[in-house]
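Asks: got a predicted model here, sequence first, then my questions.
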Amino acid sequence: MSSTTNGSKPLLSACGLSKYFPLESGLLASLRGAEAAAVKAVESVSLDVYAGQTLAIVGESGSGKSTLGRLLLRLLQPTAGEVLFNGDNIFAMNRAQLRAFRRQAQIILQDPYASLNPRMRVGQIIREPLDIFREGNMAEREKRVYELLDRVGLASSHARAYPAELSGGQRQRVGIAAALALSPQLIIADEPTSSLDVSVQAQTLNLLSELQRDFNLTYVFITHDLGVVQHFSDRVAVMYLGKIVEEAPTATLFRAPQHPYTQVLFSAIPRPDPSRRVNWELPQGEPPSPLSPPTGCHFHPRCPQAMTACSTVVPRLQAAAPERRVACLLYADAGN
Amino acid sequence: MNLLTVRHLTTEFRSDAQWLEAVSDVSFDLRRGEILGLVGESGCGKSTIAYSVMRLLARNARIRAGEVWLEDVNLTEADEDTLQDLRGSRLSMIFQDPMTALDSLFTVGHQVIETLQEHLNLNTAEAKERALGLLRQVGIPAAEERLNAYPYQFSGGMSQRIALAIAISCHPQVLIADEPTTALDVTIQAQILHLIRRLLVEEQGTGVLLITHDLGIVAQVCDRVAVMYAGKIVETGDVSSIFSNPLHPYTKALLNSLPSQGIARGQLENIQGRVPSLADRPPGCHFHPRCPHAKAICRDKAPPLQRVSDQQEVACVLYD
């Protein structure tokens, strides 16, 4: 795998991680005794995230990227596999260990309209993690709230405001301040700028960059915006129907995407450059339903380079070059 | 040839006791066989322009001044019967959420056939045949079976194809597409935009007003673009001029704030401050409080859109 990346141990590792959501649950289904149908939202995902770096997870809706993000924080229980944080399996942690992990790992959500409690003032929202973890006394917590407001570019007067009084960009700053309150090592950001206008998105991305530099934060950035990915991340994992189909350093991936799905995805991104217009006839068909994914390689029915074997053989994610993994039969021999 | 001519359109919304201008003195043309992009950030008034043209404004909104012509028909003065005739035939619209346009209680076949029979003199068999052809054109697999399916049985992308099939069923001269692909995945977005260009613009010479906040889409599919800020068009031009030689400080800032290919990691340029709300749009040039080039005159005088070259018009005192 990518153990060559800066030679150190990863901060976060997923190993064979799967999450299946059963379609029928409850007594009736179990009495019927049939093998339960399930949506395989995440299937056998392995990846490493290194301290101080940003891993981007990209994919279209239904690819399982948000489910993966929640598994990495133990907000969901996996069907199989483990996640190691500083070498400890987060799913085997006892209460005390889990509490310590929660302090170190935080999340920023997409929709700052839905994720902030409308009945709490901004100051309370940011203070809540400090209250829960009993950080210092009341006066110290208040002081910390004002430090955080200042750090994310909000005025101290915003502490008394309700979320409804703020713009989308300001709300996202509140979400960032709350995530930072306990000085975490790891932040999972699930589409943090998708609901923002471009000029506000630029301000938010700049803030996240500064915070990463100042606090040596590690980010897992879940997004479908490849402009953001290229600007922001060190490595990229591309997901399709629950699986990682390609993983590589950002610059390498953008220079030469190898998996046919990555190529199709990249070609469909509307680039803000009218001198390089793309023929959009290329992407064929719709992503299949995760309820009944195609056999073999999930992408083969839409793949312009599909071979006969692709409908039966499930390609393994394997090294195709140093620091680069691809799950495609076209590259199956390259790394072996 | 101008299909749509908009002159000095001003649309306002009632808020408590006062009327607030959402669109201020906007003028533009839409020509035959072109895609005109109307681009801007949320709240700039781009959708209000669409609803003003369609005469579908909410009850708390009104057109206070200006005219909108569809060739020789003055839409701003047309009565409801005339409008009802035009909508769906010569003038069509698709929305961000295709479910807005589809009725969940009827099969999609029924809805396509209804539009056809409303505007064209077709019997049921002819209309059904035509509907089938339309569904095939927009890329619905197994179209014959799908005619009998209900909207909830379609994915977002497939629903937008159906909405598009209805919108183009009577060969509209003008299609207004309000963020038609914002809710869709990028590979599906590419397919829908490709369909609009091929089926409408290239084959039928339809003029498309494409409302979007995505400058990538503008660069990839539009012929010309109008950039809006706080209710006004600040710059118009052909797409390559706007991207290679943006003139208005807001257009420049917008393009510079894009995280994009080829730019190394580091600070993105951003625009100071934030978009003013409807109630407190500043006097003079609406952009002046955020503009790095603002002068004293920008506070007092709202600059008109002026032609600066064959390709471009800009509303900024820097180019007087």
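Replies: All right, it came through fine.
Asks: the chain: strands as residue ranges?
Replies: Assuming you mean chain A. A:12-22, A:38-49, A:54-58, A:80-85, A:88-89, A:105-108, A:186-190, A:218-223, A:235-240, A:243-249, A:318-321, A:324-326 (DSSP state E).
Asks: please refer instead to chain B.
Replies: Going by DSSP E, chain B shows strands at B:2-15, B:18-31, B:35-39, B:61-70, B:73-74, B:91-94, B:174-178, B:207-212, B:224-229, B:232-238, B:306-307, B:313-314.
Asks: tell me the strands beside the fourth one, with direction?
Replies: Sheet pairing of strand B:61-70 (DSSP bridges) gives strand B:2-15 (antiparallel), strand B:73-74 (antiparallel).
Asks: need the per-residue pLDDT for A:Pro260.
Replies: Per-residue pLDDT puts A:Pro260 at 95.
Asks: now do the contacts for it.
Replies: For A:Pro260, the contact set (Cβ atoms under 8 Å, 6 or more residues apart in numbering or on different chains) comprises A:299, A:303-306, A:328, A:330. The C-beta positions use only the backbone N, C-alpha and C, and glycine is treated the same way.
Asks: in chain A, which helix is the longest?
Replies: Scanning chain A for the helix with the most residues, using DSSP state H, yields helix A:198-215.
Asks: how far off centre is that one?
Replies: 17 Å (Cα atoms, centre = their mean, to the nearest Å).
Asks: that one close to chain B?
Replies: Yes: interface with chain B: helix A:198-215 contributes A:198-203, A:205-206, A:209 (Cβ under 8 Å from any Cβ of the partner chain).
Asks: contact partners of that helix?
Replies: Contacting residues not belonging to helix A:198-215 are listed as A:52, A:54, A:151-153, A:167-169, A:172-173, A:176, A:180, A:183, A:189, A:192-193, A:196, A:217, A:219, A:228, A:231-232, B:41, B:213, B:215, B:253-254, B:257-259, B:265-271, B:274 [Cβ under 8 Å, 6+ apart].
Asks: then stretch B:8-24?
Replies: By Cβ under 8 Å, 6+ apart, stretch B:8-24 touches B:25-27, B:45, B:48-49, B:52, B:57, B:60-68, B:231-232, B:278-279, B:281.
Asks: from those residues, which would you call buried?
Replies: Buried members of the contacts of stretch B:8-24, counted by 16 or more other Cβ atoms under 10 Å in any protein chain shown: B:25-27, B:45, B:48-49, B:52, B:57, B:61, B:63, B:66, B:68, B:231-232, B:281.
Asks: pull the most distant pair out of those residues.
Replies: B:Val68 and B:Arg281 (22.6 Å; Cβ to Cβ).
Asks: so where's chain A uncertain?
Replies: Where chain A drops to pLDDT under 70, the residues are A:1-7, A:24-36, A:281-284, A:333-336.
Asks: could you redo the last one with a cut-off of 50?
Replies: For chain A, the stretches with pLDDT under 50 are A:1-5, A:334-336.
Asks: how near is the residue most central in space within it to A:Gly169?
Replies: Residue closest to the average C-alpha location in chain A (Cα atoms, centre = their mean): A:Ile222, at 3.1 Å. Distance of A:Ile222 to A:Gly169, given as Cβ to Cβ, to the nearest Å: 19 Å.
Asks: how many neighbours does the residue in the stretch 1-150 of chain A positioned nearest to chain B have?
Replies: Taking Cβ to the nearest Cβ as the measure, the stretch 1-150 of chain A has A:Glu60 as its residue closest to chain B, at 4.0 Å. When counting by other Cβ atoms under 10 Å in any protein chain shown, one arrives at 20 neighbours for A:Glu60.
Asks: might you report the residue contacts of A:Leu84?
Replies: Counting by Cβ under 8 Å, 6+ apart, A:Leu84 touches A:10, A:12-15, A:90.
Asks: one more: B:Glu77?
Replies: B:Glu77 makes contacts with B:Glu67, as judged by Cβ under 8 Å, 6+ apart.
Asks: ramachandran angles for it?
Replies: Per-residue torsions, B:Glu77: phi -110, psi 0 (degrees, to the nearest 10).
Asks: nearest to chain A: which residue in the stretch 1-150 of chain B?
Replies: Closest approach between the stretch 1-150 of chain B and chain A, counting by Cβ to the nearest Cβ: B:Glu41, at 3.9 Å.
Asks: all set, thanks.
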